[in-house]
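In: give me a 3D structure for the following:
(one chain, ligands or ions: 1)
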Amino acid sequence: MRIDIITLLPRLLESPFSHSILKRAQEKGLVDVVVHDLRDFATNKQKQLDDYAFGGGAGMVMMIEPIDLCISKLKSERDYDEVIYMTPDGELLKQGIANELSLKGNLIILCGHYKGVDQRVRDHFITREISIGDYVLSGGELAAAVLADSIIRILPGVLSDETSALTDSFQDDLLAPPVYTRPSDYKGMKVPEVLLSGHEAKIEEWRYEKSVELTKQKRPGLLGE
Ligand code: ADE
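Out: Next up is the predicted model:
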């Protein structure tokens, strides 16, 4: 899989992809994350990327031409399954969307800034708009990193224990059960006995019951309640 991220602030995206699981996924050749600096596609001398909104009002608007040039260049090099725009008014990111996008080959993610992008970008180049939550960030970069992380970590071969993504919270509309590690007794705080029993079927049953209990308590909406 290849993910191209278009941004005004490429340095903001350096760190999330240079550590741990996302770094290893790239080293293993399972994903290629390529960050593009929109400034390289500015056409005028001042390298201007934004301008005042027609009709007035506060806030600058990202201009269409540099975005068009960048997206067109990428599309001339390969086919893309989706051109995604990160925006608080997009469809809310859920595990199902990450699962769906993880099956794609090539994705472009455009990060917004200021008051957003010229609407013609959204109308003509964007195929999908995604929000990571009902709050406004100062730009789309952190949201793009969240989306990319949610996709990359579930690509086959990325996690060393193939099954661990399947038991994540949300994969089956249930929250994940609690987990414990050594010591089994810390200052009188004990690990549930069943987890020490070695009885696999009982452990599975306990985990499922805990998942249901936690989901009922914390996120009853996931159970349709
Ligand atoms: N850009 C600014 N806020 C955002 C959000 N909540 N989700 C996605 N992109 C954004």
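
In: only C-alpha atoms from now on, for both contacts and neighbour counts.
Out: Noted.

In: please see if the longest strand anywhere in the chain touches the ligand.
Out: Secondary structure assigned by DSSP state E gives strand 82-92 as the longest strand of the chain. Yes - interface with the ligand: strand 82-92 contributes 86-88 (C-alpha under 6 Å from any ligand atom).

In: paired strands for that strand, with orientation please.
Out: Sheet partners assigned to strand 82-92 using DSSP bridges are listed as strand 106-111 (parallel), strand 128-131 (parallel).

In: can you give me the helices in the chain?
Out: 20-27, 64-77, 95-102, 119-124, 141-152, 200-218 (DSSP state H).

In: in JSON lines, list these along with mean neighbour count, mean pLDDT and distance to Val33.
Out: As requested, those are exported to JSON lines (neighbours: other C-alpha atoms under 10 Å; pLDDT from 0 to 100; distance: least, C-alpha to C-alpha, whole Å):
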{"stretch": "helix 20-27", "mean neighbour count": "16", "mean pLDDT": "95", "distance to Val33": "7"}
{"stretch": "helix 64-77", "mean neighbour count": "15", "mean pLDDT": "98", "distance to Val33": "13"}
{"stretch": "helix 95-102", "mean neighbour count": "16", "mean pLDDT": "97", "distance to Val33": "13"}
{"stretch": "helix 119-124", "mean neighbour count": "12", "mean pLDDT": "98", "distance to Val33": "22"}
{"stretch": "helix 141-152", "mean neighbour count": "21", "mean pLDDT": "98", "distance to Val33": "9"}
{"stretch": "helix 200-218", "mean neighbour count": "15", "mean pLDDT": "97", "distance to Val33": "34"}
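
In: what is the burial count for Leu159?
Out: For Leu159, the count of nearby residues is 17 (other C-alpha atoms under 10 Å).

In: now it: closest residue in space, sequence neighbours ignored.
Out: Spatially, and ignoring its direct neighbours in sequence, Leu159 is nearest to Arg153 (6.5 Å; C-alpha to C-alpha, 6 or more residues apart in numbering).

In: was I right to think the one you found contacts Leu22?
Out: Yes - when contacts are counted by C-alpha atoms under 8 Å, Arg153 is listed as touching Leu22 (7.1 Å).

In: mind listing what the residue nearest to the spatial centre of the chain touches?
Out: Centroid-nearest residue in the chain, with C-alpha atoms, centre = their mean: Leu147, separated by 1.0 Å. The contact partners of Leu147, taken as C-alpha atoms under 8 Å, 6 or more residues apart in numbering, are 93, 98, 132.

In: on that earlier part again, adding mean pLDDT, distance to Gln171 and mean neighbour count, write the strands paired with strand 82-92 out as CSV.
Out: Shown next, in CSV, are the strands paired with strand 82-92 (pLDDT from 0 to 100; distance: least, C-alpha to C-alpha, whole Å; neighbours: other C-alpha atoms under 10 Å):
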stretch, mean pLDDT, distance to Gln171, mean neighbour count
strand 106-111, 98, 22, 24
strand 128-131, 98, 19, 19
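
In: quick one: those as a markdown table, columns for distance to the ligand too.
Out: Listed next are the strands paired with strand 82-92 as a markdown table, based on distance: least, C-alpha to the nearest ligand atom, whole Å:
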| stretch | distance to the ligand |
| --- | --- |
| strand 106-111 | 7 |
| strand 128-131 | 3 |
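
In: how about those in a markdown table, adding distance to Leu166?
Out: Shown next, in a markdown table, are the strands paired with strand 82-92 (distance: least, C-alpha to C-alpha, whole Å):
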| stretch | distance to Leu166 |
| --- | --- |
| strand 106-111 | 23 |
| strand 128-131 | 23 |
